[in-house]
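>>> let me see the structure of the following:
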Amino acid sequence: MTKRVRFRVTVLDIAKGCKMDTKKCPIARSMARHNFKTVFVSNYHVRLNGKKYNLPNEAKAFINNFDGWNRTANDVKPFNFYLTIRE
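Reported below is the predicted structural model:
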């Protein structure tokens, strides 16, 4: 069984997120609100409770912009994306 889940990366996620940190980046913070036991985010995919999912293009672009070394606070904005999660 699968379900489509909406993830919201907020201003607070961006402010408190850690650059180059697979467990504390803004996307990982947004996923943690859904009570997954483990969250691991890379540039192209995410692991939720040990299951691997490809990230949509807008999430990949966000990660590249957020982790960029010349990033300023205005470089990234809050956004939403969806993943279809296997239960």
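>>> please count neighbours and contacts with C-alpha atoms only from this point.
Will do.
>>> ok now do residue 77, which residues does it touch?
Residue 77 makes contact with 11, 14 under the criterion Cα atoms under 8 Å, 6 or more residues apart in numbering.
>>> phi, psi of residue 8?
Dihedral angles of residue 8 (phi, psi; degrees, to the nearest 10) stand at phi -120, psi 110.
>>> so what's it up against?
Residues in contact with residue 8 (Cα under 8 Å, 6+ apart) are 30, 78, 79, 80, 81.
>>> inside strands: which ones of these?
Here DSSP state E is the test, and the contacts of residue 8 give 79, 80, 81 as lying in strands.
>>> check what pLDDT the last one gets.
Reported pLDDT at residue 81 in the predicted model: 98.
>>> cool, residue 10 as well?
97.
>>> now it. Nearest residue, chain neighbours left out?
Sequence neighbours aside, residue 78 is the residue nearest to residue 10 in space, at 4.8 Å (criterion: Cα to Cα, 6 or more residues apart in numbering).
>>> spit out the contact partners of the one you found.
By Cα under 8 Å, 6+ apart, the contact list for residue 78 reads 8, 9, 10, 11, 14.
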